[in-house]
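>>> Kindly return the folded structure for what I paste below:
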Amino acid sequence: MKKSFISLAAFSAAGALALSGCVVNDSASSGSSESGSSDSITVACGAMEDLCQKWTETFSQQTGIKATYVRLSSGETVARLDSAKDNPEFDVWHGGPVDGYGAAAGKGLIEAYDSPTAKEIPDKYKDPKHYWTGVYVGVLGFCSNQKVLEEKGLQVPQSWDDLLKPELKGQVSTAHPSTSGTAFTTLWTQVVLRGSEDAGLDYMKKMHANVLQYTKSGTAPGQIAGRGEVAVGLVFSHDCVKYRDEGMKDLVVSFPKEGTGYEIGGVALVKNSKHSEAAKKYIDWAISADAQNLGQTVGSNQILTNPNAKTNDKMAKLDEINLIDYDFAAAAAAKPELTKRFDEEVAAKPRQ
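Reported below is the predicted structural model:
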């Protein structure tokens, strides 16, 4: 039975592991940095690098407001926001799963903004207290290298239990849920499917023996699988499609029959932004159909939340996938303790 999206509740709690970020895009014209200025903003961006660049460059070209970005995973973003909450280095957070935004809201790192553009977005893709608005949806899937699987005499995985096969020892790549929203989606999916945090962690302990490494970035496992270093990577399916289209031709997408998790990728206003008016203009723009359509121009084919945005055949078909009842509020509240337990009880243990 195919599951529908649940109604979203307000978020609470959470924190994350502090890690360093990446270089910024600085292609637009310069602007003022005075408090409240509408001339420049910095975006913490959780999407693919080329999409982050496309978003900020296009916004700058269309508005004259200089927009730069730093590419960060969800855990890194929360950590960076928390470390500089009284003098934030970012004005907007754009992209990445919204359970991370829930963690940021719980720590007072983002603030409510009811964008006039958000009226175009269905309520199921918006935080009821306006801390974030969803701009895309991604579905967690298996990104497999069919050539590697055939060499091992295995079929493309169709079940979470398939990832536990002894033939896949060292042949699964996934990120660490403390740093990656994608990986936390994997962890929370197991909690939901198996009925408790203990049971979810038990599954992750079993899969641990087959994991080659825990990457920082949630998109990296797709590349690792595409290069043939592992048989299966755990990523959002649109990332796997992107890598396949860019030349990793052995990649194939499948979804677990028991059910899988999903992300709503969001956009939010950073609390105490020095350029709040410009940041709000960016958010208004990011929610629009035209801005959401930019992903397809760089091979990012997420499902889009604006009903007026374009669709294509490369986007996942939600009515054909068994989705779990993913409670984003519960996930955000559980994230700090659950990721700590994962680190101590799973990732830190030797592989058998």
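
>>> What ranges does the stretch 1-150 of the chain have for its strands?
Counting by DSSP state E, counting those that start in this stretch, the stretch 1-150 of the chain has these strands, from start to end: 24-25, 40-45, 66-71, 92-97, 110-111, 133-145.

>>> all helices for the stretch 101-250 of the chain, in order.
146-151, 181-194, 197-208, 220-226, 237-245 (DSSP state H, counting those that start in this stretch).

>>> Adding distance to Tyr113 and mean neighbour count, write these out as CSV.
For every residue, glycine as well, the C-beta is placed using N, CA and C. Below are the helices of the stretch 101-250 of the chain laid out as CSV (distance: least, CB to CB, whole Å; neighbours: other CB atoms under 10 Å):
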stretch, distance to Tyr113, mean neighbour count
helix 146-151, 44, 15
helix 181-194, 21, 25
helix 197-208, 33, 17
helix 220-226, 32, 25
helix 237-245, 26, 23
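
>>> Which of those sits closest to Leu163?
Closest of those to Leu163 is helix 197-208, at 5.5 Å (criterion: CB to CB).

>>> Now do that closest one against helix 181-194, angle only.
Calculated by axes from the mean of the first three to the mean of the last three CA atoms, to 10 degrees, helix 197-208 forms an angle of 120 degrees with helix 181-194.

>>> Run the chain-centre distance for helix 197-208.
21 Å (CA atoms, centre = their mean, to the nearest Å).

>>> same for it, what does it pack against?
helix 181-194, helix 328-342 (3 or more CB pairs under 8 Å, 6 or more residues apart in numbering; DSSP states H and E).

>>> Buried residues of the longest one, list them for me.
Right, the one you point to is helix 328-342. Residues 328-336, 338-339, 341-342 are the ones in helix 328-342 that count as buried (16 or more other CB atoms under 10 Å).

>>> could you say what helices and strands that helix packs with?
Helix 328-342 packs on helix 98-106, helix 181-194, helix 197-208, going by 3+ CB pairs under 8 Å, 6+ apart.

>>> Dump the ones you listed into CSV; add mean pLDDT as well.
Formatted as CSV, these follow (pLDDT from 0 to 100):
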stretch, mean pLDDT
helix 98-106, 94
helix 181-194, 97
helix 197-208, 98
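
>>> Indicate which one of the ones you listed is closest to Leu149.
Nearest of the helices and strands packed on helix 328-342 (CB to CB): helix 197-208, 16.6 Å.

>>> Can you give the contact residues for that closest one?
160, 163-164, 172, 174, 187-188, 190-194, 334, 338, 341-342, 345-347, 349, 351 (CB atoms under 8 Å, 6 or more residues apart in numbering).

>>> Could you rerun that using 7 Å?
163-164, 172, 187, 190-191, 194, 334, 338, 341-342, 345-346, 349, 351 (CB atoms under 7 Å, 6 or more residues apart in numbering).

>>> And those, which two are furthest apart?
Ala334 and Arg351 (25.6 Å).

>>> In three-state terms, label Leu269 for me.
strand (DSSP: H, G, I helix; E, B strand; the rest coil).

>>> OK, contacts around the residue nearest to it when sequence neighbours are not counted?
Of all residues not flanking Leu269 in the chain, Tyr113 sits nearest, at 4.3 Å (CB to CB, 6 or more residues apart in numbering). Shown in contact with Tyr113 (CB under 7 Å, 6+ apart): 130, 269, 280, 283.

>>> Mind doing that once more with 8 Å?
Here Tyr113 is in contact with 130, 268-269, 280, 283 (CB under 8 Å, 6+ apart).

>>> How about Thr219?
Counting by CB under 8 Å, 6+ apart, the residues that Thr219 touches are 48, 182, 235, 239.

>>> got the residue ranges for the helices in the stretch 251-352 of the chain?
In the stretch 251-352 of the chain, the helices defined using DSSP H, counting those that start in this stretch lie at 276-287, 289-292, 294-297, 328-342.

>>> Mind putting those into TSV with distance to Lys152 and mean pLDDT?
Below are the helices of the stretch 251-352 of the chain laid out as TSV (distance: least, CB to CB, whole Å; pLDDT from 0 to 100):
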stretch	distance to Lys152	mean pLDDT
helix 276-287	43	98
helix 289-292	39	98
helix 294-297	34	98
helix 328-342	27	94
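
>>> any weak-confidence spans in the stretch 51-200 of the chain?
Along the stretch 51-200 of the chain, no part satisfies pLDDT under 70.

>>> Tell me which of the strands of the stretch 1-150 of the chain approaches Asn306 most closely.
Closest approach to Asn306 among the strands of the stretch 1-150 of the chain (CB to CB): strand 133-145, 7.7 Å.
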